[in-house]
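1. give me coordinates for this.
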Amino acid sequence: MIIPYRPIALTLVALIFSGVFLTRAQAGGGHFFAPVSDPVVREECGSCHLAFPPSMLPAGSWKRMMGELDKHFGTDASVAPATAERISRYLTENAADTGGQRYGGKMLRGVSLQSAPQRITELPRWVREHHELSANEWTRKEVGTKANCVACHTDAERGYYDER
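-> Take a look at the predicted model:
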């Protein structure tokens, strides 16, 4: 029996395509964090920096951060009380140790929830993932700060933090 070449080729292309794109769609392995879906959180937090996925930190870190908005990493990031409540609720409900466990549990390995940092860049996994970068890398004009994820991870706003 002779099998036509074209259907086999199309099937192979479809399988390869599916393998590449479905693998990424299944949470991008260890480098996917569900992006912020709340429009208020995305707007308020994203107006100054990347609106970091809540699953990158535990709820306690987000609560402390939201309670200190007047001195948010050296800047007054205060918002109206109702807005702060909405943002805080969203962040804590989707934090790495609550609703965002599917994505963020990996960030909390080796972290005490009672003393978890507010800076994602201080988490052991973040440090381990970025250990090969020199101090000069962070001072380049295009990067500027360790918190500027999109400088190297071009799909960070969509939740993908794969290699550059």
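2. show me the helices in this structure, by range?
-> Assigned by DSSP state H, the chain shows helices spanning 5-25, 39-46, 59-67, 81-93, 101-104, 124-129, 135-139.
3. worst average pLDDT in those?
-> Lowest mean pLDDT of the helices of the chain: helix 5-25, a mean of 49.
4. and the pLDDT at A96?
-> On the pLDDT scale, A96 is placed at 92.
5. and what of K71?
-> On the pLDDT scale, K71 gets 94.
6. quick one, what contacts R140?
-> Applying CB atoms under 8 Å, 6 or more residues apart in numbering to R140 gives no contacts. For every residue, glycine as well, the C-beta is placed using N, CA and C.
7. use 8 as the first number for this chain going forward.
-> Sure, I'll start numbering at 8, so the last one becomes R147.
8. how much space is there between it and E139?
-> Going from R147 to E139 by CB to CB, to the nearest Å gives 15 Å.
9. with R96 instead?
-> Taking CB to CB, one finds R96 at 37 Å from E139.
10. try A163
-> Counting by CB to CB - A163 and E139 are separated by 18 Å.
11. those two: who's more crowded?
-> Applying other CB atoms under 10 Å to A163 and E139 shows that A163 carries more neighbours, namely 20 against 7.
12. tell me the contacts of G67?
-> Residues near G67 by CB under 8 Å, 6+ apart: D104, L120, Q121, A123.
13. give me that answer again for 6 Å
-> Neighbouring residues of G67 by CB atoms under 6 Å, 6 or more residues apart in numbering: L120, A123.
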